[in-house]
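>>> Fold the following and give me the result.
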Amino acid sequence: MDELLRLDAVGQARAVRDGQVSARELTEAAIARIEAADGELNAVIHRRFERALAEIDAIPADAPFRGVPILLKDLGWREAGEPYSAGSNVRDGLADAEDSYGVLRLREAGFVLLGRTNTPEFGSTITTEPVAFGPTRNPYDPAYSAGGSSGGSAAAVAAGMVALATASDGGGSIRIPASLCGLVGLKPSRGRVSLGPAMGEGWSGFSCPGFVTRTVRDTAAALDLVSGRYPGDPYDAPALPGSLAGEVGRDPGRLRIGFLSTHPRGDVPEVPEVTEAVTGAAALLESLGHDVTPGGPEALGDPHFPRHFGAIVTNNLAAQVAGLGELRGKPVQLEELEPRNAAMVSAAREHSAADHILATQWVDGFRRRMTAWWAAGHDLLLIPSLGVAPFPLGWIPPGDLSIALGRTAHAVAYTSPVNASGQPAVSLPLHRTAAGLPVGVQLVAAPGREDLLVRVAAQIEQVRPFEHAALP
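Here you go, the predicted structure:
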């Protein structure tokens, strides 16, 4: 059965359709794998195995992913009647009243929902080490972080518990765990996947739902299922020319690709493993016939960006905490939060409404300056997925906020600007450190061009298949 668990979701769905395995047998195998592997990794914090098995018989026979197990990130992907903690003790495991639209579509597609994965408190950092549930460990080395905020999902997929898991990305939270766990992680364009009905937007539009997977075709197929605007959504992504799954294997043509292996802002230290990853990917893309030259958008080097981005995130966190107080019927006290989030909420309370609006207006201008580089004729930007080398658990110290915030700022230097600009970007597992830890590289496309990302990512995967050494 381990061979079936090594298949991607598209392959598992085919195996069920062809009668190689039943939906129940596949689900039971995934449950057994979680029970065997998760004790050390701590990726799955809420298990609903009995309910999942009971739901299998009701899945329509023609559902495209009938019987394929999946795990949901415990942030954003809400399930009716299931505990939802967002990585925090503050919610006390309060259940949600309804499924998110994305979860509804996954159910309709036939996925079997096995449980929820670990995430840092409110998803506000790059490592999954919440006080409420403990740290998630990297399957490649349990002393190392699986990243955040989708660290539980990434660890589960890398360890072979499921073929794919849901994720979300407000400052790099899909791409960073994908990089650290050797996975494919695509952050969609703003508005591509609805956050409804519970929310209209996350982090003032920075946050986007998505997936972590082991193959490009799984990422494409999963995004096809959940993409689409619902009435009342505040954003509408540009229409795609067709299904993303249909882009897999399609010739991308000769593309104009810029690349940066060091950050143009000048305050992000160069990391040899990261530089090597990007220069290696640039050479690979050039060998595939693309026009690859150094350079990127001038806006990426703006020294004022971190301050404005950080202010908007802290303001949104303060609003989220205030909303939780209303939900549970008593205000959330700062001492109930982890030190990082308490400091952020405290800082946000010093901001005025005018301050917040001015920050969003600054980001509006930043977005125009960023995307102008693609409008001028470039197709893709190749940059690191993570601005630091793979790091051990505890590297973001909970008790020293100055060190924690500085290290986090360096880590997200290549990802958070793409959240602000609303563009799609994908992290691909193309490099390893000398110790065997994965290092991802990131490709960024113009707004709405997930189709181009999928074509190029599939082209890369075909000539250099991704290795998944952590699988059983």
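>>> Which of the three states applies to Ser168?
strand (DSSP: H, G, I helix; E, B strand; the rest coil).
>>> Then Ala156?
helix.
>>> what's near enough to touch it?
34, 38, 41, 43-44, 71, 117, 162, 165 (CB atoms under 8 Å, 6 or more residues apart in numbering). All C-beta spots, glycine's among them, are computed from the backbone N, C-alpha and C.
>>> Determine the number of other residues adjacent to the nearest residue to Ser100 once chain neighbours are set aside.
Of all residues not flanking Ser100 in the chain, Arg78 sits nearest, at 4.5 Å (CB to CB, 6 or more residues apart in numbering). For Arg78, the neighbour count with other CB atoms under 10 Å is 24.
>>> Also Leu358?
Leu358: 14 neighbours (other CB under 10 Å).
>>> likewise Glu350?
8.
>>> same question, Ala299
Counted with other CB under 10 Å, Ala299 comes out at 20.
>>> Confirm for me that it is in contact with Met370.
Yes. Look at Ala299 against Met370 with CB atoms under 8 Å: they come within range, at 4.6 Å.
>>> Please report phi then psi for Leu71.
For Leu71, the backbone dihedrals (degrees, to the nearest 10) come out as phi -120, psi 150.
>>> Check whether the closest residue to it other than its chain neighbours sits in a helix, strand or coil.
Spatial nearest neighbour of Leu71, excluding adjacent residues (CB to CB, 6+ apart): Ala165 at 4.3 Å. Secondary structure for Ala165, judged by three-state DSSP, is strand.
>>> Now do Ala165 against Lys73, distance only.
7 Å (CB to CB, to the nearest Å).
>>> hey, what's in contact with both of those two?
117, 150, 152-153.
>>> for the helix or strand harbouring Gly365, what is the average pLDDT?
Following DSSP states H and E, one finds Gly365 within helix 353-375. The pLDDT scores in helix 353-375 average 98.
>>> For Ile357, see how far away the residue nearest the centre of the chain is.
Residue closest to the average C-alpha location in the chain (CA atoms, centre = their mean): Ile174, at 1.5 Å. Look at Ile174 and Ile357: by CB to CB, they are 28 Å apart.
>>> Mind listing the shared neighbours of Ala299 and Met370?
Pro417.
>>> ok so, going back, most neighbours among the contacts of Ala156, please name it.
Going by other CB under 10 Å, Thr117 tops the contacts of Ala156 with 35 neighbours.
>>> got the phi/psi numbers for that residue?
Per-residue torsions, Thr117: phi -110, psi 160 (degrees, to the nearest 10).
>>> which residues in this protein form strands?
44-47, 69-73, 112-117, 137-138, 141-145, 164-169, 184-187, 208-213, 256-259, 291-294, 380-384, 425-432, 438-445 (DSSP state E).
>>> so which of the ones you listed gets nearest Glu276?
With CB to CB as the measure, strand 425-432 is the member of the strands of the chain nearest Glu276 (6.6 Å).
>>> Partner strands of the closest one and their direction?
strand 184-187 (antiparallel), strand 438-445 (antiparallel) (DSSP bridges).
>>> residues making contact with that strand?
With CB under 8 Å, 6+ apart, strand 425-432 has contacts from 174-176, 178-179, 182-187, 219, 273, 276-277, 280-281, 284, 385, 415, 418, 438-445, 453-454, 457, 460-461, 464, 466-467.
>>> Please pick the buried ones from these.
174-176, 178-179, 182-187, 219, 273, 277, 280-281, 284, 385, 415, 418, 438-445, 453-454, 457, 460-461, 466 (16 or more other CB atoms under 10 Å).
>>> hmm, back to that, quick one: residues contacting the residue nearest to the centre of the chain.
Contacts of Ile174 (CB under 8 Å, 6+ apart): 150, 167-168, 185-187, 208, 210-212, 427.
>>> do Pro177 as well
128, 146-151, 153-155, 167, 183, 185, 212.
>>> Check Ala167 too.
With CB under 8 Å, 6+ apart, Ala167 has these contacts: 73, 150, 153-154, 173-174, 177, 185, 209-212.
>>> buried residues in the worst-scoring helix or strand of the chain on mean pLDDT?
Across the helices and strands of the chain, mean confidence by mean pLDDT, DSSP states H and E is lowest for helix 2-6: a mean of 90. Across helix 2-6, burial judged by 16+ other CB under 10 Å covers 4-5.
>>> and it, how far from the chain's centre?
Its chain's average C-alpha position is 24 Å from that of helix 2-6, according to CA atoms, centre = their mean, to the nearest Å.
>>> do you know how far the closest residue to Ile176 other than its chain neighbours is from Asn118?
Among residues not flanking Ile176 along the chain, Gly147 sits closest, at 4.5 Å (CB to CB, 6+ apart). Look at Gly147 and Asn118: by CB to CB, they are 11 Å apart.
>>> so what's in contact with these two at the same time?
Joint contacts of Gly147 and Asn118 (CB under 8 Å, 6+ apart) are Thr128.
>>> Hmm, Gly39 and Met161 touching each other?
No. Using CB under 8 Å, Met161 is not in contact with Gly39; the gap is 11.9 Å.
>>> The two - which one has more neighbours?
Remark: of Met161 and Gly39, Met161 carries more neighbours, 30 against 8, as counted by other CB under 10 Å.
>>> mind checking pLDDT for the more buried one?
98.
>>> now do the one 5 residues further on
At Thr166, the predicted lDDT confidence score is 98.
>>> And it, how close does it get to Pro238?
Separation of Thr166 from Pro238 (CB to CB) stands at 23 Å.
>>> What of Ala165?
From Ala165 to Pro238 the distance is 27 Å (CB to CB).
>>> now do Asp2
Relative to Pro238, and taking CB to CB, Asp2 is found at 41 Å.
>>> next one: Gly152
On the measure of CB to CB, Gly152 and Pro238 end up 31 Å apart.
>>> Which one's more surrounded, the two?
Just comparing Gly152 and Pro238: by other CB under 10 Å the higher neighbour count belongs to Gly152, 37 against 12.
>>> I'd say the more buried one and Val44 touch.
Yes. At 6.8 Å, Gly152 counts as touching Val44 under the criterion of CB under 8 Å.
>>> List the residues that are in contact with both of these two.
71, 117-118.
>>> and these as a markdown table, adding distance to Gly87 and pLDDT?
Below are the shared contacts of Gly152 and Val44 laid out as a markdown table (distance: CB to CB, whole Å; pLDDT from 0 to 100):
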| residue | distance to Gly87 | pLDDT |
| --- | --- | --- |
| Leu71 | 15 | 98 |
| Thr117 | 10 | 98 |
| Asn118 | 7 | 98 |
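>>> quick one on the thing from earlier: more neighbours: Gly147 and Asn118, which one.
Of the pair Gly147 and Asn118, Gly147 is the one with more neighbours under other CB under 10 Å, namely 37 against 33.
>>> how about that one, what does it touch?
Gly147 neighbours (CB under 8 Å, 6+ apart): 126-128, 138, 154, 176-181, 386.
>>> do Val68 as well
9, 12-13, 16, 26, 110-112, 163.
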